[in-house]
Every structure is written in C-alpha cells, then in structure tokens.
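1. The amino acid sequence is not available; the structure is as follows:
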C-alpha cells in the first residue's frame with residue numbers, strides 16, 4: 001500500500017495544526033470592498049447552502065449491492081423489443097488485497113492522484129473545474145474523484161445538472177464516512193466500464209492479455225489504467241495506436257507523481273503495444289451473445305456523444321436495429337460463399353430515407369470482444385472506384401451542371417507534373433465517350449479528367465458534406481488514392497443520399513436513451529440536411545443503375561429491384577508490389593455500394609493484413625455476391641419504389657461525341673444517338689449538322705447491248721461515290737416487260753449485269769438504282785425492244801412435242817423451269833431414257849410452266865396457263881443444276897397468259 005495513504009484521524013490532526021496567517025493592514029476603501037464581497041459571499045453561501053440541502057435531501061440511500069455491481073443497460077430494437085442486456089455476468093471480481101500495487105499506482109496517477117487526501121470531494125480540483133466552467137461553459141471540465149465516480153455509476157444519471165452534482169457530492173461524503181478508502185477503491189476497480197461489455201480491471205486483464213492481474217507488466221498496467229476515460233477509443237484491439245498514446249501518457253503521469261522512475265517510464269513506453277495483446281485467434285467470443293457488431297456501434301455512438309459512462313447507470317437504449325436484416329447479414333457472413341478461409345468482409349445496411357443503421361456485419365464469425373469491427377472501425381483502406389460518384393461525377397453535375405451525356409475522351413495521359421501514366425483496368429483507352437459510359441464502365445482516365453474540371457477544392461467540399469474526411473484531395477484521389485478513407489457505414493450513408501433526393505442523414509444506431517428514472521431521456525437522432533441538389537442525386541443514380549445492367553457490377557443485380565450502385569477495387573503501389581513480392585494480378589481491397597429507395601448497403605472484402613493480396617475473380621466479385629444475397633432477402637415481401645425523376649431534370653436525345661453537346665438530327669446514325677439527362681434549363685437547343693442528308697446521284701451512262709445468238713442483254717453504267725459517304729454502294733437492277741410492273745432482277749455491287757433469256761417481240765425497260773443503307777438514288781432507265789419471229793424464221797426450229805395431255809415445251813430456255821414469278825417455278829423434270837419426261841408442278845399465281853427435255857417431255861401445272869422451259873437431259877431425274885436457280889432472265893407471265901423470260 002502507498003506510503004502516502006493516511007487515516008482519517010491523521011488527516012484531521014493535520015488540519016487542526018494548520019494556522020492562518022494574519023492579513024496585513026490595508027487601506028480603508030479596500031477593506032470596505034472586501035467586506036462587501038464577503039457579505040455577498042455569505043448571502044450567496046446561505047442561498048446556495050439551502051439549495052444544496054434541498055437537493056441532498058432528495059438523494060437516494062446508499063446501497064452496498066448497487067455500489068459493487070454494475071447496473072445492466074437494456075437495448076431495444078427498432079420495434080421496441082428487448083434484444084440484449086449488457087450485464088456483468090462474466091466479471092472477474094478482484095478483492096483489494098489482491099490488486100497489485102503498480103496497478104493501483106497507475107490508476108490513481110491517472111484518475112485521482114489525491115484519492116487518499118480528500119474526503120470524497122477534491123475541492124482543489126473542484127475549484128479549477130469551476131474556473132474552467134465559468135470560462136468555457138458549464139460542464140466543460142469535471143472534477144470527479146474516484147469516490148464520486150462510484151456514486152455516479154451506482155445511483156445517478158450522467159446529466160450535467162446542478163441537482164445531480166449536489167447529490168453526487170453529498171453521497172460521496174457519505175460514502176467516505178461509511179466505508180474505508182480501500183473498500184471504495186475496490187468498488188471502483190471492479191465496477192468501472194473498461195470497454196464494450198467489459199467491467200473491471202480484472203476482467204480486462206483476462207480479455208486483453210489472457211493473464212491474471214498479478215502477471216501483467218508495467219506497460220500493460222498502464223494500458224488498462226488509461227482505458228476508463230474513453231473505453232472504446234482506447235480499446236487496444238480496436239485502436240492500438242490511440243491506446244499506445246494513452247498508455248504513454250499514463251506512464252508519464254506515474255513518473256510525474258513519483259510512482260516510477262524516468263528509466264522505468266521510457267522502457268515501458270518503448271514496448272510496442274500489440275506485442276503482448278492476446279492474439280486474435282485466441283479471443284474467444286461469448287457463444288450466447290448476438291448482434292455483437294451492431295452493439296459495438298451502439299457503444300461507440302454512446303462514447304462519441306459523451307455518454308460512455310451511462311452504460312454503468314442502467315439506461316435503456318432505443319436502437320435502430322432491424323432484427324431480420326441483422327440476422328440476414330450474420331447468416332451471409334457466416335455462410336460458405338467465401339473463396340478462402342481467412343478472407344474478411346464487412347457490411348453496413350442503412351435506411352435510405354432516414355440514415356438509421358438497420359444492420360451491421362463487423363466481420364466473419366464476429367462475436368463480442370473480437371475487437372476490430374471492419375464495418376465501423378476500418379477507415380484506412382482505399383475505397384477504389386466507389387469514390388468516383390462522391391468525388392468526381394457528383395461534384396461535376398452539382399457545380400458544373402454536367403449532363404449524363406457530357407463528352408469525355410479516354411486517352412493516355414499522365415498526372416500533372418509527373419511521368420506517371422494513368423491506366424485503366426483493362427490497359428486500354430477507348431476514346432470519346434459520355435460521362436454515363438465512363439462511370440458505369442469505371443474508366444480511370446475520364447474520372448481524373450473530371451476531377452480536374454471540378455477542381456480539388458470543390459471536390460473536397462462536396463464529399464465533406466457527407467461528414468467524410470478523406471484528407472487532402474489530389475488528382476489520384478479521383479480513383480481512390482486517398483490518405484484517409486471511409487468505413488462501410490459511412491459509405492452506405494453517403495450513397496443513401498443519392499437515393500434520397502440529395503438529403504443526407506449521418507448514419508446512427510441509437511434513436512434515444514432513457515435514464516434510470518424512466519423519465520429523463522436524450523434524443524440521438526441527427527438532423528437531416530441537403531448535401532446536393534435533387535437533380536444531382538437523380539442523375540448520378542440513373543447512371544449508377546447502368547452499372548448493374550451493363551457495367552462492372554452485373555453480379556449484384558437483383559431481379560425486380562430498381563438498384564443503383566458502384567463497384568470499386570484498390571491497387572498496390574509500386575513500392576508495395578516490390579516490398580511484398582506480389583503478382584501483377586494482386587489487389588488489396590474490393591467494394592460494392594448499392595441502394596434502392598429503401599436500403600443502402602456497402603460491402604468491403606479483403607484480408608486483415610493489407611500485404612495479403614486477392615488475385616481471383618471469386619475474390620473480386622465477393623462484395624457483389626454478398627450484396628445480392630442480403631438485398632434480395634431483406635427486400636422480399638416489401639414494396640420497393642423506383643427512383644423518381646424530379647422536375648429539375650429533363651431528357652434529350654443528343655449526338656454522341658459532340659462538344660459542346662448538340663441534339664441529334666434526323667440524319668444522325670442510330671448508333672450515335674443517346675438519350676441523356678440534363679439539369680433543366682441546360683439542355684442543348686442546337687441540332688447537330690455533322691450528318692446531313694446524303695444524296696446519291698443516279699447511275700450515269702446506262703447502256704444495253706443485245707446478243708441475238710444468246711438472247712441476252714448486257715447492261716453497263718457509271719457511278720461516282722460521294723466523298724462523305726462511308727458505307728458501300730450497291731445497285732438494284734429492275735425490269736418492266738411490255739408496260740408491266742417493274743420487278744427486281746438482282747442487287748449487285750458491280751457496274752454491269754448480263755440479263756439472259758430475253759423473248760423476241762417484247763419491250764424491256766431496265767432500271768438501275770444506287771443504294772447505300774437507307775439512302776437511294778433516283779433510277780437510271782433504258783429501254784430495249786426486240787423484234788418478233790415470223791413463220792419463215794421458225795423453219796429451222798425443232799419440232800414441238802406434245803405429251804398425252806397436249807402440253808408442249810418451248811424452245812427459248814435451256815432448263816426445265818417454267819418461271820411464273822420470282823417467287824415460284826414450274827419445274828419440268830429432265831427427260832427419262834424412255835424419251836418421256838415426268839410431270840412438274842409449278843406453284844404460282846400466274847400460270848402453268850410446261851417443260852420439255854431434250855430426250856423427253858415434262859408438264860408443269862399452275863393456276864393459270866403458261867409455258868415451261870425445256871428440260872436438260874440427266875441420268876438422274878431428281879438432280880438439278882445450279883443454273884436452275886440463278887437465271888437472271890426468269891420473269892413472271894403476262895396478263896394474257898403467255899410466258900416471257
């Protein structure tokens with residue numbers, strides 16, 4: 001026990017031995033002022049004493065059980081149902097005589113160095129606190145002794161009111177009168193909240209070091225002694241750097257108060273704090289606990305709001321927890337979908353409209369006292385491309401009124417002032433594209449260009465609106481190269497604003513707390529605020545819809561849900577690749593953040609140690625897989641509205657690649673037309689003239705040359721292709737016979753065509769039209785009239801054979817097809833060896849086709865009368881030659897039933 005400890009009797013004798021020194025004479029006027037002040041002080045003391053006496057009379061009675069045992073807080077979910085009671089069931093209670101001296105010295109040097117000198121209230125510290133409160137406001141600084149802390153944590157609320165303070169002082173004095181100092185210290189030692197659900201220093205020794213108190217070293221005592229001031233912030237599992245700084249302060253105070261030497265202090269300060277902590281694989285979580293990751297967030301929120309001590313005061317905490325969502329999150333993180341055993345993931349589910357945290361996944365198989373909550377605590381891992389809507393394109397729409405069709409050129413470039421080339425994930429550059437295409441395809445060069453256009457000052461101001469600090473903004477920040485990052489909870493909260501018309505609410509897990517009296521309460525719900533225009537929110541959302549349908553996150557899409565989102569993958573820098581000998585395919589972090597009108601979800605995956613890389617597609621798409629499972633399940637059975645376009649946004653069909661943007665004309669090719677979104681009043685009004693109506697001149701110098709021997713005509717023409725025409729030109733050749741309708745003969749890319757099997761006595765009008773896509777020229781035409789054949793001309797013609805039906809074959813064609821239309825033939829089969837052809841049927845609306853083979857006859861029957869052509873001999877009557885289907889002279893019959901070629 002410390003030599004500085006004294007009994008109450010010794011302290012009384014010392015007080016009686018002190019003598020007041022006489023004041024020196026002063027001037028008369030000075031005496032009068034002093035007398036006046038004294039009189040006012042007496043009156044004030046009388047009045048204050050009366051108030052104090054009244055408050056003291058209403059103080060609760062001291063109760064030993066309440067003094068020694070923590071009072072369990074109750075946690076209620078969003079439906080008002082109890083889901084957890086944070087008690088002290090697993091507390092390691094340590095009697096005073098088993099508390100190591102060095103442990104006591106560390107606590108007293110840090111919390112109450114005059115503990116053995118005061119009577120429960122340290123008036124010296126109280127005076128300093130009063131002065132601070134006058135200068136900085138009431139409650140700016142406390143002066144609570146260990147005795148007062150025991151009282152506060154046992155009987156009173158954490159309110160900073162005069163009534164509570166008066167009762168605390170009164171009960172502290174009463175406690176000192178009833179119990180010895182050692183007993184009071186023992187109460188504090190075993191009752192104080194250390195972190196999360198850990199009460200007492202003995203319990204903390206087991207949880208953080210896996211040791212008994214007596215086996216701890218000086219540096220470990222100092223770590224524990226520094227924790228009660230801010231239990232979650234100084235948790236060495238969660239925040240080792242902060243805990244180490246706090247430990248070093250405790251060691252400095254121990255040296256300052258003469259408890260350790262300077263050499264001992266420096267030696268202990270040099271010990272890396274993580275060296276002696278219990279390894280993570282030995283931290284056994286409570287098997288009967290549930291929703292541990294969410295509870296961690298609740299406890300952190302209490303601490304951030306200055307209410308960490310209220311955990312020991314029996315408060316009731318009304319949380320935002322949605323049990324069904326939390327169960328789904330935990331079931332997914334504990335499932336077998338993970339590609340490796342050690343890969344970690346975290347997930348945050350936020351109510352899009354309110355910012356309330358519905359569920360938290362702190363990691364795989366997360367349990368109480370596991371320490372690092374990846375969903376809440378992780379703020380040092382790069383967000384990769386998920387930052388692009390928040391730092392690049394959101395600000396571009398907000399400050400520059402960019403449309404979703406803004407033209408950006410994806411091309412090779414370097415960061416300003418350096419030779420470092422900015423690369424896309426596929427190593428390619430794809431030229432001019434719209435902002436929409438650049439974002440949903442996650443191109444890096446356009447993102448950097450966009451940030452440069454926005455300006456780093458505007459970009460930082462925009463992302464700070466979400467309560468997110470990413471440090472200084474540089475060009476590389478555009479694609480995730482930030483010195484600070486954001487947690488999955490912060491990311492989900494930020495993306496929720498895009499789905500909530502630009503209204504953002506900082507994510508929160510507590511609606512309110514109600515103190516032990518059941519009446520006094522404190523509202524925890526943060527105020528919502530507009531962080532962007534509704535036009536910005538919707539336009540970015542509309543682009544992020546495409547990420548799941550044709551962009552980088554198709555794996556995350558859920559059928560039937562209107563979802564917007566963004567994927568992200570971080571990279572190692574050159575030094576890390578070299579230091580850790582990583583393959584070129586390595587990446588440390590992968591994200592997906594997506595939202596509907598109901599929920600906003602952010603998922604991170606990676607390994608606890610950044611130097612352990614991911615390299616496979618299964619790892620790359622893990623966040624999207626987790627997102628899909630959770631979003632699909634929590635949305636089932638609920639109505640999810642689609643995102644609604646506000647009046648501040650209009651649509652316009654633009655011509656892709658124009659800069660500034662112009663409306664598409666009626667001649668703009670379809671592949672260059674894009675319907676994009678604009679802030680109302682900024683949509684383009686000028687129509688693009690890049691693609692004018694193309695006109696094709698008609699072919700020129702069309703000529704026809706008739707060959708009587710072959711009964712064929714050769715058509716020839718010239719054509720000059722327009723210089724601005726990129727597509728090929730073809731020519732449609734048509735013919736009209738004896739004033740009949742014009743019928744298409746053939747389409748060719750040549751400037752000539754041979755037409756066979758022309759019939760004497762007929763007039764042919766040939767037309768040639770140039771065609772390119774949907775553009776057609778005027779036709780060029782030429783006429784050819786053939787003389788008829790007299791009786792004298794037929795003397796040398798072969799006789800006409802008739803079959804048993806009286807049908808005859810005609811001589812002017814060399815194949816067995818009677819062409820009745822371009823759609824159908826009357827086939828006369830080739831003659832058989834017996835000299836007689838088989839009947840052939842010509843299915844057509846125009847007439848019969850009769851065929852005659854050289855060695856036989858053939859009949860073709862149709863609906864109208866018509867003549868067939870001669871059949872060619874063949875050993876096989878079912879075989880036809882290619883020419884049967886390619887003769888350009890095949891033409892329909894005329895109205896009088898005669899067949900012409």
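-> Yep, it's here. Computed from a predicted model, the values in this text were never measured in an experiment.
2. going forward, measure contacts and count neighbours with C-alpha atoms only.
-> Noted.
3. Show the pLDDT at residue 853.
-> We note a pLDDT of 40 for residue 853 in this prediction.
4. if I pick residue 257, what's in contact with it?
-> Counting by C-alpha atoms under 8 Å, 6 or more residues apart in numbering, residue 257 makes contact with 109, 113.
5. quick one: the residue most central in space within the chain and residue 490, what's the gap?
-> The residue lying closest to the centre of the chain (C-alpha atoms, centre = their mean) is residue 593, at 2.1 Å. Between residue 593 and residue 490 the computed distance is 11 Å (C-alpha to C-alpha, to the nearest Å).
6. what does residue 99 give?
-> From residue 99 across to residue 490, the span is 42 Å (C-alpha to C-alpha).
7. In terms of neighbours, single out the busier of these two.
-> The neighbour comparison of residue 99 against residue 490 (other C-alpha atoms under 10 Å) goes to residue 490, with 22 against 17.
8. Is that one within a helix or a strand, and which one?
-> Here residue 490 sits within helix 488-498, counting by DSSP states H and E.
9. Could you name the helices and strands sitting against that helix?
-> Applying 3 or more C-alpha pairs under 8 Å, 6 or more residues apart in numbering; DSSP states H and E, one finds that helix 488-498 contacts strand 344-351, strand 503-504, helix 534-549, strand 589-595, strand 599-606.
10. Show residues contacting the helix or strand just after the shortest one.
-> Under the assignment DSSP H and E, the closest C-terminal helix or strand after strand 503-504 is strand 510-514. Around strand 510-514, the neighbours that count as contacts under C-alpha under 8 Å, 6+ apart are 298, 301, 315-320, 520-525.
11. again with stretch 329-336
-> 345-347, 359-361, 363-365, 626, 629-630.
12. what about residue 736, distance to residue 764?
-> 6 Å.
13. ugh, wrong one, I meant residue 121
-> For residue 121 relative to residue 764 (C-alpha to C-alpha), the value is 123 Å.
14. Neighbour count: these two, which is higher?
-> A side-by-side neighbour count of residue 121 and residue 764, using other C-alpha under 10 Å, places residue 121 first with 23 against 20.
15. Would you list the phi and psi of the more buried one?
-> Residue 121 adopts backbone torsions of phi -130, psi 130, taken as degrees, to the nearest 10.
16. My read is that it contacts residue 173, right?
-> Yes: at 7.0 Å, residue 121 and residue 173 qualify as touching, with contact defined as C-alpha atoms under 8 Å.
17. Would you quantify the distance from residue 726 to residue 432?
-> 20 Å.
18. between these two, which one's more packed in?
-> Set residue 726 next to residue 432 and count neighbours by other C-alpha under 10 Å: residue 432 wins out with 18 against 9.
19. helix, strand or coil for the closest residue to that one other than its chain neighbours?
-> Nearest non-adjacent residue to residue 432, counting by C-alpha to C-alpha, 6 or more residues apart in numbering: residue 409, 4.0 Å away. For residue 409, the assignment made with DSSP: H, G, I helix; E, B strand; the rest coil gives strand.
20. OK, contacts around residue 409?
-> Contacts of residue 409 by C-alpha under 8 Å, 6+ apart are 430-433, 446.
21. can I get those residues in CSV with pLDDT and distance to residue 341?
-> CSV is the format used below for the contacts of residue 409 (pLDDT from 0 to 100; distance: C-alpha to C-alpha, whole Å):
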residue, pLDDT, distance to residue 341
430, 95, 38
431, 94, 42
432, 92, 43
433, 93, 41
446, 98, 37
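22. who wins for most neighbours among the residues you listed?
-> Scoring the contacts of residue 409 on neighbours with other C-alpha under 10 Å, the highest-scoring entry is residue 446 at 28 neighbours.
23. Could you look up the SS state of that residue?
-> Three-state assignment for residue 446 (three-state DSSP): helix.
24. Just to check, residue 213 is in contact with residue 99?
-> Yes: taking contacts as C-alpha under 8 Å, residue 213 lies within contact range of residue 99: 7.4 Å.
25. Quick one: residues contacting residue 201.
-> 189-190, 192, 194, 224.
26. ok, now residue 345?
-> Per C-alpha under 8 Å, 6+ apart, neighbours of residue 345: 333, 361-364, 374, 603-606, 623.
27. Over to residue 506?
-> 355, 466-467, 490, 493, 526-528.
28. In terms of secondary structure, what does the top strand by length along the chain contact?
-> Counting residues, the longest strand in the chain under DSSP state E turns out to be strand 763-772. Strand 763-772 sits against strand 730-737, strand 780-785, with contacts defined as 3+ C-alpha pairs under 8 Å, 6+ apart.
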